[in-house]
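> predicted coordinates and the sequence they were generated for:
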Amino acid sequence: MRADWSRPLAVERESERNSRFDFELKPASLARIAPELAADEGWVRGHAEFGRDYGLSLVSIELQAELPLVCQRCLRTVRWPVSASSQLAVIGSDREERKVPGGLDSLLAPGMQVSISELVEEELLLALPIVARHENEDCHAGPPQDGPAQAVRMRRPFAELGELLKRDG
């Protein structure tokens, strides 16, 4: 991908040129995706193509990714595969929404500028699971242990409350 993948592009110009942008990047480099990751690993690959149809500027994005997320069952890293694609009508204001034909999603881009990184982030955010977890056979019960298995001492903050009440009573 070009070094300026996060720079806003003029949608109208890129649509007239039928531009195509191939990208390959680390998910940790995306500001809205990085907090969701378990590690600074993974990859995102794909392309975005600009064009015109229906009298509108369109952008099609296709991507594949592998994201390292935290399994909410065992708290270990789960590799989450993503395969996503969208075709979006790029509009400059809410008033233009009525021009977008059914079957197309719209992307509000004030000033008719959008960056490839914004498109990638949006697709990935839509593809993230609400709760990431391993398949049952891949999941290890309980949180990860450091070193050999250790007996976990359970704290019971109110265990002695009954005795205290008896003494004071």
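It's in. This is a predicted model, so every value here is computed, not measured.

> and the strands in this structure, which stretches?
9-10, 20-25, 43-53, 56-70, 77-91, 105-108, 113-114 (DSSP state E).

> so in that sheet, which strands flank the third one, and in what orientation?
Read that as strand 43-53. Pairing partners of strand 43-53, with direction, according to DSSP bridges: strand 20-25 (antiparallel), strand 56-70 (antiparallel).

> of these, which stretch is the most buried?
Most buried of the strands paired with strand 43-53, by mean neighbour count (mean count of other Cβ atoms under 10 Å): strand 56-70, with a mean of 19. Placement of C-beta: from N, CA and C, glycine included.

> chain center to that strand, what's the gap?
Taking the mean of its C-alpha atoms, strand 56-70 sits 9 Å from the chain's own mean (Cα atoms, centre = their mean, to the nearest Å).

> between it and strand 77-91, how many degrees?
If you take axes from the mean of the first three to the mean of the last three Cα atoms, to 10 degrees, strand 56-70 sits at 170 degrees to strand 77-91.

> so for strand 56-70, mean pLDDT?
The pLDDT scores in strand 56-70 average 95.

> how close does Leu104 get to Glu163?
Here Leu104 is placed at a distance of 69 Å from Glu163 (Cβ to Cβ, to the nearest Å).

> re the thing from before, in TSV: the strands paired with strand 43-53, plus distance to Lys99.
Rendered in TSV, the data for the strands paired with strand 43-53 read as follows (distance: least, Cβ to Cβ, whole Å):
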stretch	distance to Lys99
strand 20-25	24
strand 56-70	6
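
> Cys139 is nearest to which of these?
When these are ranked by proximity to Cys139, the top entry is strand 56-70, at 12.1 Å, counting by Cβ to Cβ.

> circling back to that earlier point, how about the strands paired with strand 43-53, which one is nearest Arg32?
Closest to Arg32 of the strands paired with strand 43-53, according to Cβ to Cβ: strand 56-70, at 12.6 Å.

> please look at Leu128 and Leu37 and confirm they touch.
No - at 10.3 Å, Leu128 and Leu37 do not qualify as touching, with contact defined as Cβ atoms under 8 Å.

> okay, and the common contacts of the two?
Between them, Leu128 and Leu37 have Leu67, Leu69 as joint contacts when contacts are counted by Cβ atoms under 8 Å, 6 or more residues apart in numbering.
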